[in-house]
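**Q** just need the structure, nothing else, for what follows:
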Amino acid sequence: MSIKTATFNHVVYDIDFCGETDGTCDYPRGGKPSIRIMTDPNTRKELVTVIHECLHAEDWSKSEAIVERVSEEIGRFLWRLNYRREDVS
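**A** Numbers count the residues shown, from 1 in each chain. Model prediction:
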């Protein structure tokens, strides 16, 4: 994928699409923070995972339950609107 970085709440995160589980987001202290997305490309699960990890990056004060609920709701809505990733490479 061509996107290598993204800024959330004034912090630049390295973005990496890879791996075998869902995703992770580093707390932005001590080193370069990164978001890793590790779901099957161009699936609804990947869209929800991307939203989930971005929500963590934007606001670390929100509980996992809130982030999970909101990412599922936004992901389901965007998927119904036919949002898909164009570049799967």
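**Q** and the residue lying farthest from the centre of the chain, helix, strand or coil?
**A** With distances taken from the mean C-alpha point of the chain and given as Cα atoms, centre = their mean, the most distant residue is Gly30, at 20.6 Å. Of the three states, Gly30 takes coil according to DSSP: H, G, I helix; E, B strand; the rest coil.
**Q** and it, what pLDDT?
**A** Per-residue pLDDT puts Gly30 at 72.
**Q** max-length strand in the protein?
**A** Scanning the chain for the longest strand, with DSSP state E as the assignment, gives strand 11-17.
**Q** pairing partners for that one, with directions?
**A** strand 5-8 (antiparallel), strand 34-37 (parallel) (DSSP bridges).
**Q** how close does the spatially most central residue of the chain get to Tyr83?
**A** The residue lying closest to the centre of the chain (Cα atoms, centre = their mean) is Val50, at 2.3 Å. Using Cβ to Cβ, to the nearest Å, Val50 is found at 10 Å from Tyr83. The way it works is simple: take the backbone N, C-alpha and C, and place the C-beta from them, glycine included.
**Q** now swap in Ser71 and tell me
**A** Applying Cβ to Cβ, the value for Ser71 to Tyr83 is 14 Å.
**Q** okay, the two: which has more neighbours?
**A** Using other Cβ atoms under 10 Å, the more surrounded residue of Ser71 and Tyr83 is Ser71, with 20 against 11.
**Q** any idea which element that one lies in?
**A** Using DSSP states H and E, Ser71 falls within helix 64-80.
**Q** what's that helix packed up against?
**A** On a contact count with 3 or more Cβ pairs under 8 Å, 6 or more residues apart in numbering; DSSP states H and E, helix 64-80 meets helix 44-58.
**Q** so where's this protein shaky on pLDDT?
**A** Where the chain drops to pLDDT under 70, the residues are 1, 19-21, 87-89.
**Q** what about 50?
**A** Residue ranges of the chain with pLDDT under 50: none are present.
**Q** picking up where we left off before, run me through the strand neighbours of the helix or strand that the longest strand of the chain is followed by, direction for each.
**A** Using DSSP H and E, the next helix or strand after strand 11-17 towards the C-terminus is strand 23-25. Sheet pairing of strand 23-25 (DSSP bridges) gives strand 34-37 (antiparallel).
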